[in-house]
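Asker: Whatever this is, show me its structure:
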Amino acid sequence: MSKVCSLKEAVASYVKDGDTLYAAGFTHLIPFAAGHEIIRQGRKNLTLARATPDLIYDQMVAAGCARKVIFSYMGNPGVGSLRIVRSELEAGRLEWEEYSHFGMITRLSAGASGLPFLPMKQTGAADLEKANPNIRRVTDPYSGEEVVVVPALNPDVAIVHVQRADRSGNAHIWGILGEQKEAAFAARHVILTAEELVDEEVIRSDPNRSMIPGFIVDAVCEVPFASHPSYTQGYYDRDNAFYLSWDQISESPEAVRAWLDEWVYGVQDRAEYWQKLGAETHERLRVTPNLSSPVNYGAY
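Answerer: Numbering: from 1, shown residues only. Sure, this is the predicted structure:
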């Protein structure tokens with residue numbers, strides 16, 4: 001059954017005010033297009049969960065979408081702080097929960113497994129226990145020693161960007177793998193954005209790359225260039241210049257508002273956004289093919 005719809009329709013159907021939202025992806029495949037559509041539709045009071053908030057949550061917080069952030073690292077990668085999120089936290093206008101990376105993934109794994117919590121090895125972030133009462137200790141019934149436990153995380157909506165998907169939501173991901181699978185299985189609803197839609201036979205031809213199965217997906221949206229300014233392995237490069245420029249833009253509330261007016265509210269969708277970036281940026285982010293060796297799965 002086809003689950004294909006526009007990103008505008010998917011956000012309108014599945015993202016509601018007050019929801020807990022998980023925008024998945026690590027380093028690449030960050031679903032910026034979906035974040036911008038949520039801003040355009042004026043969603044409010046969201047809890048934004050993500051292991052590495054990146055610029056996507058800085059922009060959503062700036063637009064007034066969030067009441068809380070749940071994270072395990074926060075920053076403009078390779079540049080510095082997320083100025084907007086940090087200033088809102090310091091001003092007491094934004095609630096927050098912080099975990100280690102392993103703690104966030106353990107929370108998602110518990111949610112994906114249908115468990116109320118999971119134990120984990122104590123990490124080097126022991127001081128987080130003092131700031132986060134959700135990080136607790138229990139006695140291991142086998143050894144009698146203490147183990148750290150964290151509660152399950154079950155987002156209302158997970159948004160996952162992938163390289164390609166079929167119309168039922170079966171999707172391939174390659175390159176750096178983040179928490180896409182765990183977030184999708186833990187969430188109540190899943191919106192999938194894809195660089196391209198392909199026939200089911202393409203997905204079936206390489207099952208090891210099928211990270212997201214269609215039966216957990218609610219909406220499939222074909223959105224080329226959806227992860228800019230991050231990158232999609234094999235499709236376009238990371239826009240490092242934008243990460244640097246955002247550090248300057250985010251110093252000024254007026255500059256942030258002007259950017260949102262021009263690049264989010266001022267365009268109707270990702271296609272218009274990409275065209276607005278222009279041919280010079282398109283060429284700068286172009287990648288050359290670097291194909292893997294064929295895999296022979298065999299057949300009778």
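
Asker: Show me which helix or strand of the chain is least confident by mean pLDDT.
Answerer: Using mean pLDDT, DSSP states H and E, the weakest-scoring helix or strand in the chain turns out to be helix 128-131, at a mean of 89.

Asker: quick one: buried residues of that helix?
Answerer: Using 16 or more other CB atoms under 10 Å as the burial criterion, the residues of helix 128-131 that qualify are L128. The C-beta positions use only the backbone N, C-alpha and C, and glycine is treated the same way.

Asker: strands paired with whichever helix or strand comes after that helix, and their directions?
Answerer: Using DSSP states H and E, the helix or strand that directly follows helix 128-131 along the chain is strand 136-139. Next to strand 136-139 in the sheet, as set by DSSP bridges, lie strand 146-151 (antiparallel).

Asker: Flag every buried residue along whatever helix or strand comes next after the strand it pairs with.
Answerer: Sequence-wise, the next helix or strand downstream of strand 146-151 (DSSP H and E) is strand 157-165. Within strand 157-165, the residues that count as buried by 16+ other CB under 10 Å are 157-165.

Asker: Stretch 229-247 too?
Answerer: Here stretch 229-247 shows 229-239, 242-243, 246-247 as buried, counting by 16+ other CB under 10 Å.

Asker: pull the CA atoms of that stretch into CSV?
Answerer: Written as CSV, here are the backbone C-alpha positions of stretch 229-247 (Å, rounded to 0.1, in the frame of the first residue of the first chain):
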residue,chain,number,x,y,z
PRO,A,229,23.0,22.0,5.3
SER,A,230,24.0,18.6,6.6
TYR,A,231,24.7,16.0,3.9
THR,A,232,23.3,12.8,2.4
GLN,A,233,26.0,10.2,1.6
GLY,A,234,26.3,9.7,-2.1
TYR,A,235,24.0,12.7,-3.0
TYR,A,236,25.6,15.9,-1.8
ASP,A,237,28.2,17.2,0.6
ARG,A,238,28.0,19.0,3.9
ASP,A,239,27.7,22.7,3.6
ASN,A,240,30.4,23.7,6.0
ALA,A,241,30.1,27.4,4.9
PHE,A,242,26.6,27.5,6.2
TYR,A,243,27.5,26.1,9.6
LEU,A,244,30.1,28.9,9.9
SER,A,245,27.6,31.5,8.7
TRP,A,246,24.9,30.3,11.2
ASP,A,247,27.3,31.0,14.0
